[in-house]
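curious how this folds, go ahead:
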Amino acid sequence: MSLFKLNRRQALVGIGAGAALAGLPRAGFAQSSVAPITIVINQSPWFDSFRKTVELYEAETGNQVELDVNPFAGSLEKQRNSVRSAAGQYDILIMNSGWFAEMYAGGFVEAITDIDPGFQLDPEVYTLGDTVYWDEATRTMPATGKLMSMPISPLIPLLYYRGDLYAEKGLTVPKTFAELEANARALHNPPGMYGIVQRGARAAHAVAFDFYPYLYGHGGGIFADQLASDYSVTLNSAEGKEALDYYIRLAQEAGHPQTAALDQAEVIQNMVTGKAGHIMMVIAAWSQMDDPTKSIVVDKVEFAAPPSLPGIPSAPGLGHWLGGISKNIPDDRKRAAVEFFRWFQTKEAQIAAAQAGGIPINAAVYREPMAEERNFRWMKPLDEALKTSVNIYQFPEASEVIAVLELGLNRAIGGEITSTDALNTMADEIHTIMSRYNYKTGTLPALS
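Model (predicted):
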(Lines give C-alpha, C1' and ligand atoms only; values in the text may rest on other atoms or scores of the structure.)
Protein backbone atom coordinates (compact mmCIF):
# COMPACT_ATOMS: atom_id res chain seq x y z
CA MET A 1 0.00 0.00 0.00
CA SER A 2 1.13 3.49 -0.82
CA LEU A 3 -0.24 6.76 0.52
CA PHE A 4 0.08 9.67 -1.89
CA LYS A 5 -0.29 13.19 -0.53
CA LEU A 6 -0.82 15.38 -3.55
CA ASN A 7 -0.72 19.15 -3.49
CA ARG A 8 -0.73 21.98 -5.96
CA ARG A 9 2.99 22.59 -5.55
CA GLN A 10 3.85 19.28 -7.19
CA ALA A 11 4.83 19.24 -10.83
CA LEU A 12 2.09 18.18 -13.21
CA VAL A 13 4.32 15.73 -14.99
CA GLY A 14 3.05 14.34 -18.28
CA ILE A 15 -0.11 16.41 -18.61
CA GLY A 16 1.29 19.47 -20.28
CA ALA A 17 0.36 21.52 -17.24
CA GLY A 18 0.32 24.95 -18.78
CA ALA A 19 -2.06 24.06 -21.58
CA ALA A 20 -4.23 21.91 -19.36
CA LEU A 21 -4.57 24.58 -16.70
CA ALA A 22 -5.36 27.22 -19.27
CA GLY A 23 -8.15 25.09 -20.70
CA LEU A 24 -9.84 24.24 -17.42
CA PRO A 25 -12.65 26.33 -15.95
CA ARG A 26 -11.46 28.74 -13.31
CA ALA A 27 -14.80 29.71 -11.85
CA GLY A 28 -18.16 28.18 -11.14
CA PHE A 29 -16.99 24.65 -10.41
CA ALA A 30 -14.87 23.68 -7.43
CA GLN A 31 -13.31 27.04 -6.71
CA SER A 32 -14.50 27.49 -3.13
CA SER A 33 -12.36 26.08 -0.34
CA VAL A 34 -13.65 22.73 0.90
CA ALA A 35 -12.50 20.16 3.41
CA PRO A 36 -9.61 17.85 2.49
CA ILE A 37 -10.74 14.44 1.23
CA THR A 38 -9.20 10.99 1.03
CA ILE A 39 -9.79 8.64 -1.90
CA VAL A 40 -9.15 4.90 -1.59
CA ILE A 41 -8.12 3.45 -4.93
CA ASN A 42 -6.41 0.47 -6.51
CA GLN A 43 -3.04 0.37 -8.23
CA SER A 44 -3.73 -0.31 -11.91
CA PRO A 45 -2.58 0.64 -15.42
CA TRP A 46 -4.83 3.72 -15.28
CA PHE A 47 -3.86 4.89 -11.81
CA ASP A 48 -1.08 7.24 -12.90
CA SER A 49 -3.42 9.21 -15.16
CA PHE A 50 -5.92 9.55 -12.32
CA ARG A 51 -3.17 10.71 -9.98
CA LYS A 52 -2.12 13.39 -12.45
CA THR A 53 -5.73 14.48 -12.92
CA VAL A 54 -6.10 14.83 -9.14
CA GLU A 55 -2.91 16.91 -9.08
CA LEU A 56 -4.49 19.17 -11.66
CA TYR A 57 -7.62 19.49 -9.55
CA GLU A 58 -5.50 20.54 -6.57
CA ALA A 59 -3.56 23.06 -8.61
CA GLU A 60 -6.72 24.49 -10.17
CA THR A 61 -8.80 24.72 -6.99
CA GLY A 62 -6.43 24.76 -4.03
CA ASN A 63 -8.38 21.89 -2.50
CA GLN A 64 -6.49 18.96 -1.00
CA VAL A 65 -6.77 15.26 -1.81
CA GLU A 66 -5.02 12.21 -0.42
CA LEU A 67 -4.89 8.98 -2.40
CA ASP A 68 -4.67 5.73 -0.46
CA VAL A 69 -3.36 3.31 -3.08
CA ASN A 70 -3.61 -0.47 -2.73
CA PRO A 71 -3.57 -3.70 -4.71
CA PHE A 72 -6.92 -4.66 -6.26
CA ALA A 73 -8.08 -6.98 -3.46
CA GLY A 74 -6.58 -4.76 -0.77
CA SER A 75 -8.62 -1.79 -1.95
CA LEU A 76 -11.84 -3.77 -1.61
CA GLU A 77 -10.89 -4.97 1.87
CA LYS A 78 -10.15 -1.43 3.02
CA GLN A 79 -13.42 -0.15 1.61
CA ARG A 80 -15.42 -2.88 3.34
CA ASN A 81 -13.74 -2.19 6.65
CA SER A 82 -14.18 1.57 6.39
CA VAL A 83 -17.87 1.59 5.46
CA ARG A 84 -18.73 -0.79 8.29
CA SER A 85 -17.00 1.27 11.00
CA ALA A 86 -18.66 3.96 13.09
CA ALA A 87 -16.68 6.67 11.29
CA GLY A 88 -15.38 6.11 7.79
CA GLN A 89 -11.72 6.59 7.02
CA TYR A 90 -12.29 7.19 3.30
CA ASP A 91 -14.48 9.80 1.64
CA ILE A 92 -14.55 8.60 -1.98
CA LEU A 93 -14.57 4.88 -2.68
CA ILE A 94 -13.26 3.88 -6.10
CA MET A 95 -15.47 0.85 -6.73
CA ASN A 96 -14.97 -1.83 -9.35
CA SER A 97 -17.74 -3.33 -11.48
CA GLY A 98 -17.45 -6.47 -9.38
CA TRP A 99 -18.44 -4.84 -6.10
CA PHE A 100 -20.23 -1.50 -6.51
CA ALA A 101 -23.62 -3.25 -6.26
CA GLU A 102 -22.54 -4.52 -2.85
CA MET A 103 -21.91 -0.95 -1.74
CA TYR A 104 -25.24 0.28 -3.12
CA ALA A 105 -27.34 -2.53 -1.68
CA GLY A 106 -25.61 -2.36 1.69
CA GLY A 107 -26.45 1.32 2.06
CA PHE A 108 -22.78 2.18 2.37
CA VAL A 109 -22.65 5.04 -0.17
CA GLU A 110 -24.81 8.14 -0.15
CA ALA A 111 -26.56 9.37 -3.26
CA ILE A 112 -24.76 12.37 -4.72
CA THR A 113 -28.03 14.25 -5.18
CA ASP A 114 -28.99 13.61 -1.55
CA ILE A 115 -25.82 15.42 -0.52
CA ASP A 116 -26.33 18.20 -3.06
CA PRO A 117 -29.83 18.31 -4.63
CA GLY A 118 -28.54 20.81 -7.16
CA PHE A 119 -25.89 18.48 -8.56
CA GLN A 120 -26.45 17.44 -12.16
CA LEU A 121 -24.63 14.73 -14.04
CA ASP A 122 -23.21 16.13 -17.26
CA PRO A 123 -25.43 14.68 -20.04
CA GLU A 124 -22.32 13.68 -21.98
CA VAL A 125 -20.98 11.46 -19.19
CA TYR A 126 -21.24 7.73 -19.91
CA THR A 127 -23.62 6.11 -17.44
CA LEU A 128 -22.15 2.70 -18.28
CA GLY A 129 -25.25 0.59 -18.47
CA ASP A 130 -26.92 2.98 -16.01
CA THR A 131 -24.77 1.49 -13.26
CA VAL A 132 -24.38 4.91 -11.64
CA TYR A 133 -28.03 4.68 -10.54
CA TRP A 134 -29.77 2.56 -7.89
CA ASP A 135 -33.41 1.95 -7.07
CA GLU A 136 -33.56 0.65 -3.52
CA ALA A 137 -37.16 -0.58 -3.83
CA THR A 138 -36.46 -2.83 -6.82
CA ARG A 139 -32.74 -3.33 -6.14
CA THR A 140 -32.03 -2.58 -9.79
CA MET A 141 -30.10 0.08 -11.73
CA PRO A 142 -32.58 2.03 -13.84
CA ALA A 143 -31.93 5.56 -15.05
CA THR A 144 -34.85 6.62 -12.86
CA GLY A 145 -32.97 5.59 -9.71
CA LYS A 146 -30.90 7.82 -7.46
CA LEU A 147 -27.49 8.98 -8.70
CA MET A 148 -25.16 6.96 -6.51
CA SER A 149 -21.76 7.40 -8.12
CA MET A 150 -19.59 9.14 -10.67
CA PRO A 151 -17.86 7.19 -13.46
CA ILE A 152 -14.12 7.26 -12.89
CA SER A 153 -12.77 5.04 -15.65
CA PRO A 154 -15.04 3.52 -18.34
CA LEU A 155 -12.94 0.43 -18.82
CA ILE A 156 -13.69 -2.34 -21.26
CA PRO A 157 -11.32 -4.63 -23.16
CA LEU A 158 -10.36 -3.92 -26.74
CA LEU A 159 -8.45 -6.04 -29.20
CA TYR A 160 -4.84 -4.83 -29.45
CA TYR A 161 -3.09 -6.02 -32.60
CA ARG A 162 0.21 -5.42 -34.37
CA GLY A 163 -0.73 -3.15 -37.24
CA ASP A 164 2.75 -3.34 -38.77
CA LEU A 165 2.58 -7.15 -38.97
CA TYR A 166 -0.93 -6.98 -40.38
CA ALA A 167 0.38 -4.76 -43.16
CA GLU A 168 3.29 -7.12 -43.86
CA LYS A 169 1.03 -10.17 -44.14
CA GLY A 170 -1.96 -8.48 -45.76
CA LEU A 171 -4.30 -9.21 -42.84
CA THR A 172 -7.56 -7.38 -42.22
CA VAL A 173 -8.99 -6.30 -38.87
CA PRO A 174 -11.02 -9.24 -37.51
CA LYS A 175 -14.71 -8.78 -36.91
CA THR A 176 -15.43 -12.43 -36.12
CA PHE A 177 -13.76 -15.00 -33.89
CA ALA A 178 -12.90 -17.12 -36.94
CA GLU A 179 -11.03 -14.18 -38.43
CA LEU A 180 -9.20 -13.53 -35.17
CA GLU A 181 -8.12 -17.17 -34.97
CA ALA A 182 -6.90 -17.15 -38.57
CA ASN A 183 -4.90 -13.97 -37.97
CA ALA A 184 -3.43 -15.29 -34.71
CA ARG A 185 -2.31 -18.46 -36.47
CA ALA A 186 -0.77 -16.40 -39.28
CA LEU A 187 1.36 -14.47 -36.78
CA HIS A 188 2.19 -17.40 -34.49
CA ASN A 189 5.90 -18.22 -34.59
CA PRO A 190 6.99 -19.25 -31.08
CA PRO A 191 8.99 -18.63 -29.03
CA GLY A 192 9.74 -15.26 -30.60
CA MET A 193 6.14 -14.44 -31.46
CA TYR A 194 2.86 -15.77 -30.08
CA GLY A 195 -0.21 -15.27 -32.22
CA ILE A 196 -2.21 -14.16 -29.21
CA VAL A 197 -1.42 -13.89 -25.51
CA GLN A 198 -4.35 -14.34 -23.12
CA ARG A 199 -4.84 -14.06 -19.40
CA GLY A 200 -5.45 -17.33 -17.59
CA ALA A 201 -4.29 -16.72 -14.02
CA ARG A 202 -6.66 -16.82 -11.09
CA ALA A 203 -6.92 -13.62 -9.02
CA ALA A 204 -9.59 -11.32 -7.58
CA HIS A 205 -11.07 -10.64 -11.03
CA ALA A 206 -8.62 -11.67 -13.73
CA VAL A 207 -9.26 -14.55 -16.14
CA ALA A 208 -13.03 -14.15 -15.74
CA PHE A 209 -12.91 -10.54 -16.91
CA ASP A 210 -10.86 -11.44 -19.98
CA PHE A 211 -13.21 -14.34 -20.80
CA TYR A 212 -16.39 -12.22 -20.87
CA PRO A 213 -15.96 -10.86 -24.45
CA TYR A 214 -15.57 -14.45 -25.66
CA LEU A 215 -18.54 -15.75 -23.66
CA TYR A 216 -20.99 -12.99 -24.56
CA GLY A 217 -19.57 -12.65 -28.08
CA HIS A 218 -20.50 -16.29 -28.65
CA GLY A 219 -24.06 -15.59 -27.52
CA GLY A 220 -23.56 -17.08 -24.08
CA GLY A 221 -23.89 -15.60 -20.62
CA ILE A 222 -23.84 -16.34 -16.92
CA PHE A 223 -27.53 -15.68 -16.20
CA ALA A 224 -30.73 -15.78 -18.19
CA ASP A 225 -31.84 -12.16 -17.72
CA GLN A 226 -30.49 -9.99 -14.92
CA LEU A 227 -32.59 -7.01 -15.99
CA ALA A 228 -35.70 -9.10 -15.35
CA SER A 229 -34.21 -10.46 -12.10
CA ASP A 230 -34.01 -13.94 -13.64
CA TYR A 231 -30.79 -15.43 -12.30
CA SER A 232 -31.20 -18.85 -13.85
CA VAL A 233 -27.65 -20.01 -14.56
CA THR A 234 -26.89 -20.42 -18.27
CA LEU A 235 -23.10 -20.57 -18.13
CA ASN A 236 -22.99 -24.25 -19.15
CA SER A 237 -24.95 -23.73 -22.35
CA ALA A 238 -23.77 -24.89 -25.77
CA GLU A 239 -22.69 -21.30 -26.43
CA GLY A 240 -20.69 -21.23 -23.20
CA LYS A 241 -18.90 -24.44 -24.13
CA GLU A 242 -18.12 -23.14 -27.61
CA ALA A 243 -16.66 -19.97 -26.09
CA LEU A 244 -14.47 -21.78 -23.55
CA ASP A 245 -13.30 -24.34 -26.08
CA TYR A 246 -12.35 -21.49 -28.41
CA TYR A 247 -10.43 -19.68 -25.66
CA ILE A 248 -8.50 -22.84 -24.80
CA ARG A 249 -7.82 -23.70 -28.44
CA LEU A 250 -6.35 -20.25 -29.08
CA ALA A 251 -4.08 -20.69 -26.08
CA GLN A 252 -2.95 -24.16 -27.08
CA GLU A 253 -2.52 -23.69 -30.82
CA ALA A 254 -1.77 -20.00 -31.36
CA GLY A 255 -0.98 -18.69 -27.91
CA HIS A 256 1.41 -18.67 -25.01
CA PRO A 257 2.40 -22.07 -23.58
CA GLN A 258 1.92 -20.82 -20.01
CA THR A 259 -1.43 -19.09 -20.48
CA ALA A 260 -2.84 -20.44 -17.21
CA ALA A 261 -0.07 -18.64 -15.29
CA LEU A 262 -0.37 -15.27 -17.03
CA ASP A 263 -1.98 -12.30 -15.30
CA GLN A 264 -2.53 -8.82 -16.69
CA ALA A 265 1.03 -7.59 -16.20
CA GLU A 266 2.48 -10.58 -18.08
CA VAL A 267 0.04 -10.18 -20.96
CA ILE A 268 0.92 -6.51 -21.33
CA GLN A 269 4.62 -7.32 -21.05
CA ASN A 270 4.40 -9.77 -23.95
CA MET A 271 2.83 -7.08 -26.11
CA VAL A 272 5.22 -4.25 -25.30
CA THR A 273 8.25 -6.52 -25.77
CA GLY A 274 7.11 -7.50 -29.24
CA LYS A 275 6.23 -11.13 -28.45
CA ALA A 276 2.46 -10.96 -28.99
CA GLY A 277 0.53 -10.48 -32.21
CA HIS A 278 -2.72 -9.84 -30.34
CA ILE A 279 -4.00 -9.34 -26.83
CA MET A 280 -7.55 -8.72 -25.62
CA MET A 281 -6.83 -6.24 -22.87
CA VAL A 282 -8.55 -3.52 -20.89
CA ILE A 283 -8.14 -0.20 -22.68
CA ALA A 284 -6.37 1.31 -19.66
CA ALA A 285 -3.14 -0.27 -20.89
CA TRP A 286 -3.11 1.71 -24.13
CA SER A 287 -0.56 4.31 -23.04
CA GLN A 288 2.04 1.65 -22.27
CA MET A 289 2.08 0.59 -25.91
CA ASP A 290 3.54 3.94 -27.00
CA ASP A 291 5.73 4.59 -23.97
CA PRO A 292 9.32 4.36 -25.25
CA THR A 293 10.55 3.60 -21.73
CA LYS A 294 8.39 0.46 -21.63
CA SER A 295 7.67 -0.54 -25.20
CA ILE A 296 9.64 -1.62 -28.28
CA VAL A 297 6.47 -1.53 -30.40
CA VAL A 298 5.79 2.20 -30.19
CA ASP A 299 3.28 3.27 -32.87
CA LYS A 300 2.88 -0.33 -34.08
CA VAL A 301 -0.13 -1.40 -32.02
CA GLU A 302 -3.66 -0.78 -33.29
CA PHE A 303 -7.03 -1.16 -31.58
CA ALA A 304 -10.41 -2.63 -32.48
CA ALA A 305 -13.65 -3.69 -30.83
CA PRO A 306 -13.56 -7.33 -29.63
CA PRO A 307 -14.67 -9.81 -32.29
CA SER A 308 -17.85 -11.86 -32.01
CA LEU A 309 -19.75 -14.53 -33.91
CA PRO A 310 -21.54 -13.37 -37.08
CA GLY A 311 -24.87 -11.80 -36.19
CA ILE A 312 -23.91 -11.19 -32.55
CA PRO A 313 -22.72 -7.74 -31.45
CA SER A 314 -19.27 -7.24 -30.02
CA ALA A 315 -19.73 -7.75 -26.27
CA PRO A 316 -16.90 -6.45 -24.09
CA GLY A 317 -17.65 -6.75 -20.40
CA LEU A 318 -17.75 -3.59 -18.35
CA GLY A 319 -14.80 -3.56 -15.99
CA HIS A 320 -15.38 0.05 -15.13
CA TRP A 321 -14.70 1.98 -11.96
CA LEU A 322 -17.17 4.22 -10.18
CA GLY A 323 -16.61 6.74 -7.42
CA GLY A 324 -19.06 6.63 -4.52
CA ILE A 325 -19.23 8.86 -1.45
CA SER A 326 -19.12 6.99 1.82
CA LYS A 327 -22.19 7.49 4.02
CA ASN A 328 -20.34 7.34 7.35
CA ILE A 329 -18.22 10.49 6.98
CA PRO A 330 -18.86 14.07 8.13
CA ASP A 331 -21.08 16.29 6.00
CA ASP A 332 -18.28 18.71 5.13
CA ARG A 333 -16.25 15.90 3.59
CA LYS A 334 -19.31 14.67 1.68
CA ARG A 335 -19.76 18.13 0.20
CA ALA A 336 -16.06 18.30 -0.66
CA ALA A 337 -16.34 14.97 -2.48
CA VAL A 338 -19.27 16.32 -4.52
CA GLU A 339 -17.16 19.32 -5.53
CA PHE A 340 -14.44 17.02 -6.79
CA PHE A 341 -17.01 15.12 -8.88
CA ARG A 342 -18.44 18.39 -10.22
CA TRP A 343 -15.01 19.31 -11.52
CA PHE A 344 -13.95 15.82 -12.60
CA GLN A 345 -16.89 15.24 -14.98
CA THR A 346 -16.25 18.32 -17.13
CA LYS A 347 -15.02 17.97 -20.68
CA GLU A 348 -11.98 20.11 -19.87
CA ALA A 349 -10.92 17.91 -16.96
CA GLN A 350 -11.45 14.79 -19.04
CA ILE A 351 -9.37 16.13 -21.91
CA ALA A 352 -6.57 16.61 -19.40
CA ALA A 353 -7.14 13.08 -18.11
CA ALA A 354 -6.78 11.72 -21.65
CA GLN A 355 -3.60 13.72 -22.17
CA ALA A 356 -2.27 12.08 -19.00
CA GLY A 357 -3.02 8.61 -20.35
CA GLY A 358 -6.49 8.12 -18.91
CA ILE A 359 -9.79 7.04 -20.42
CA PRO A 360 -12.32 9.91 -20.56
CA ILE A 361 -15.77 9.47 -19.04
CA ASN A 362 -17.21 12.35 -21.06
CA ALA A 363 -18.37 11.43 -24.58
CA ALA A 364 -17.71 14.96 -25.82
CA VAL A 365 -13.97 14.28 -25.59
CA TYR A 366 -14.27 11.56 -28.22
CA ARG A 367 -15.58 14.14 -30.70
CA GLU A 368 -12.69 16.51 -30.09
CA PRO A 369 -9.96 16.91 -32.73
CA MET A 370 -7.61 14.97 -30.46
CA ALA A 371 -9.56 11.78 -31.32
CA GLU A 372 -8.14 12.08 -34.86
CA GLU A 373 -4.57 12.23 -33.64
CA ARG A 374 -2.32 9.21 -33.91
CA ASN A 375 -1.67 9.20 -30.16
CA PHE A 376 -5.38 8.73 -29.50
CA ARG A 377 -6.16 6.15 -32.18
CA TRP A 378 -7.90 4.02 -29.54
CA MET A 379 -10.65 6.57 -28.96
CA LYS A 380 -12.92 5.73 -31.89
CA PRO A 381 -12.74 1.94 -31.38
CA LEU A 382 -13.46 2.46 -27.69
CA ASP A 383 -16.41 4.75 -28.35
CA GLU A 384 -17.78 2.12 -30.75
CA ALA A 385 -17.28 -0.77 -28.34
CA LEU A 386 -18.79 1.04 -25.36
CA LYS A 387 -22.13 1.13 -27.18
CA THR A 388 -22.45 -2.68 -27.04
CA SER A 389 -20.63 -3.30 -23.77
CA VAL A 390 -22.25 -5.61 -21.22
CA ASN A 391 -22.77 -5.01 -17.50
CA ILE A 392 -21.92 -8.45 -16.17
CA TYR A 393 -23.12 -8.07 -12.57
CA GLN A 394 -25.76 -5.97 -10.85
CA PHE A 395 -26.20 -7.82 -7.58
CA PRO A 396 -24.21 -7.38 -4.35
CA GLU A 397 -22.89 -10.95 -4.08
CA ALA A 398 -21.03 -10.72 -7.41
CA SER A 399 -17.63 -11.28 -5.79
CA GLU A 400 -18.68 -14.80 -4.78
CA VAL A 401 -19.64 -15.64 -8.35
CA ILE A 402 -16.40 -14.16 -9.67
CA ALA A 403 -14.39 -16.37 -7.31
CA VAL A 404 -16.10 -19.46 -8.76
CA LEU A 405 -15.31 -18.36 -12.30
CA GLU A 406 -11.70 -17.55 -11.48
CA LEU A 407 -11.00 -21.04 -10.18
CA GLY A 408 -12.96 -22.98 -12.77
CA LEU A 409 -11.64 -21.10 -15.80
CA ASN A 410 -8.05 -21.28 -14.55
CA ARG A 411 -8.29 -25.05 -14.07
CA ALA A 412 -9.80 -25.57 -17.52
CA ILE A 413 -7.20 -23.40 -19.27
CA GLY A 414 -4.43 -25.16 -17.36
CA GLY A 415 -5.72 -28.56 -18.48
CA GLU A 416 -6.58 -29.82 -14.98
CA ILE A 417 -10.20 -30.47 -15.98
CA THR A 418 -12.16 -30.49 -19.23
CA SER A 419 -14.18 -27.54 -20.38
CA THR A 420 -17.34 -29.58 -19.85
CA ASP A 421 -16.48 -30.39 -16.25
CA ALA A 422 -15.44 -26.82 -15.58
CA LEU A 423 -18.67 -25.35 -16.93
CA ASN A 424 -20.92 -27.83 -15.15
CA THR A 425 -19.09 -27.36 -11.85
CA MET A 426 -19.10 -23.58 -12.07
CA ALA A 427 -22.79 -23.54 -13.01
CA ASP A 428 -23.70 -25.73 -10.04
CA GLU A 429 -21.70 -23.58 -7.62
CA ILE A 430 -23.14 -20.33 -8.96
CA HIS A 431 -26.66 -21.77 -8.71
CA THR A 432 -25.95 -22.66 -5.07
CA ILE A 433 -24.84 -19.09 -4.37
CA MET A 434 -27.90 -17.54 -5.98
CA SER A 435 -30.22 -19.97 -4.19
CA ARG A 436 -28.60 -19.17 -0.86
CA TYR A 437 -29.48 -15.50 -1.32
CA ASN A 438 -33.02 -16.32 -2.47
CA TYR A 439 -32.72 -15.05 -6.03
CA LYS A 440 -35.00 -16.40 -8.70
CA THR A 441 -32.72 -19.01 -10.24
CA GLY A 442 -32.50 -22.34 -11.99
CA THR A 443 -30.13 -24.51 -13.98
CA LEU A 444 -29.65 -25.96 -17.43
CA PRO A 445 -29.19 -29.69 -17.95
CA ALA A 446 -25.56 -30.65 -17.41
CA LEU A 447 -23.33 -30.73 -20.46
CA SER A 448 -22.21 -34.19 -21.45
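
what ranges do the strands span in the stretch 101-250 of the chain?
109-110, 133-134, 146-147, 149-153, 157-162, 223-225, 230-233 (DSSP state E, counting those that start in this stretch).

in a markdown table: these, plus mean neighbour count, mean pLDDT and distance to residue 194.
Backbone N, C-alpha and C define where each C-beta goes, glycine included. As requested, the strands of the stretch 101-250 of the chain are exported to a markdown table (neighbours: other Cβ atoms under 10 Å; pLDDT from 0 to 100; distance: least, Cβ to Cβ, whole Å):
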| stretch | mean neighbour count | mean pLDDT | distance to residue 194 |
| --- | --- | --- | --- |
| strand 109-110 | 22 | 98 | 42 |
| strand 133-134 | 22 | 95 | 42 |
| strand 146-147 | 16 | 98 | 44 |
| strand 149-153 | 26 | 97 | 28 |
| strand 157-162 | 25 | 98 | 11 |
| strand 223-225 | 18 | 95 | 33 |
| strand 230-233 | 20 | 96 | 33 |
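
those strands: which one's closest to residue 302?
Closest to residue 302 of the strands of the stretch 101-250 of the chain is strand 157-162 (Cβ to Cβ; 5.5 Å).

the closest one: partners in the sheet, and parallel or antiparallel?
Here strand 157-162 has these sheet partners by DSSP bridges: strand 278-282 (antiparallel), strand 301-304 (antiparallel).

and this protein, what are its domains?
2-155+319-377, 157-317+391-436 (automatic domain parsing).

the residue nearest in space to the middle of the chain - nearest residue in space that isn't next to it in sequence?
Nearest residue to the geometric centre of the chain (Cα atoms, centre = their mean): residue 319, 2.6 Å. Leaving aside its sequence neighbours, residue 319 sits nearest to residue 155 (Cβ to Cβ, 6 or more residues apart in numbering; 4.7 Å).

OK, contacts around the one you found?
Contacts for residue 155 (Cβ atoms under 8 Å, 6 or more residues apart in numbering) come out as 46, 282, 283, 284, 318, 319, 320, 321, 359.

let's see it at 7 Å
282, 283, 284, 319, 320, 321, 359 (Cβ atoms under 7 Å, 6 or more residues apart in numbering).

again with residue 417
Contacts for residue 417 (Cβ under 7 Å, 6+ apart) come out as residue 411.

can you confirm it is in a strand?
No: according to DSSP: H, G, I helix; E, B strand; the rest coil, the state of residue 417 is coil, so it is not within a strand.

for the closest residue to residue 280 other than its chain neighbours, list each beta-bridge partner.
Nearest non-adjacent residue to residue 280, counting by Cβ to Cβ, 6+ apart: residue 157, 5.2 Å away. Under DSSP bridges, the beta-bridge partners of residue 157 are residue 282.

residue 157 reaches residue 279, doesn't it?
No: taking contacts as Cβ atoms under 7 Å, residue 157 lies outside contact range of residue 279: 9.0 Å.

could I get the strands paired with strand 157-162 in a markdown table, plus columns for distance to residue 355 and mean pLDDT?
Output for these, formatted as a markdown table (distance: least, Cβ to Cβ, whole Å; pLDDT from 0 to 100):
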| stretch | distance to residue 355 | mean pLDDT |
| --- | --- | --- |
| strand 278-282 | 20 | 96 |
| strand 301-304 | 18 | 98 |
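
looking at those, which is buried most?
strand 278-282 (a mean of 26; mean count of other Cβ atoms under 10 Å).

give me the angle between it and strand 149-153.
For strand 278-282 against strand 149-153, the angle by axes from the mean of the first three to the mean of the last three Cα atoms, to 10 degrees is 150 degrees.

which other residues reach the helix or strand that comes right after strand 278-282?
Later in the chain than strand 278-282, the nearest helix or strand by DSSP states H and E is helix 286-289. With contacts defined as Cβ under 7 Å, 6+ apart, helix 286-289 is touched by 45, 160, 268, 271, 272, 294, 295, 297, 301, 357, 378.

quick one: contacts for the nearest residue to the fifth one once chain neighbours are set aside?
Leaving aside its chain neighbours, residue 272 sits nearest to residue 295 (4.0 Å; criterion: Cβ to Cβ, 6+ apart). For residue 295, the set of contacting residues under the criterion of Cβ under 7 Å, 6+ apart consists of 272, 288, 289.

and with 8 Å instead?
Residue 295 makes contact with 272, 273, 288, 289, according to Cβ under 8 Å, 6+ apart.

per-residue pLDDT, it?
Residue 295 carries a pLDDT value of 98.

go on, residue 1?
33.

so for residue 346, which of the strands paired with strand 157-162 sits nearest?
In terms of Cβ to Cβ, the element of the strands paired with strand 157-162 nearest to residue 346 is strand 278-282, at 24.3 Å.

start to end distance for stretch 198-207?
End-to-end distance for stretch 198-207, by Cα to Cα, to the nearest Å: 9 Å.

now do the strands in the stretch 301-448 of the chain.
301-304, 321-326.

just put the contacts of helix 286-289 in TSV and tack on distance to residue 190.
Output for the contacts of helix 286-289, formatted as TSV (distance: Cβ to Cβ, whole Å):
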residue	distance to residue 190
45	26
160	19
268	19
271	15
272	18
294	23
295	21
297	17
301	20
357	31
378	27
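
buried among those? Make that a PyMOL selection.
Buried residues among those (16 or more other Cβ atoms under 10 Å), as a PyMOL selection:
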select buried, resi 45+160+268+271+272+295+297+301+357+378
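
in stretch 90-105, what counts as buried?
So for stretch 90-105, counting by 16+ other Cβ under 10 Å, buried means 90-104.
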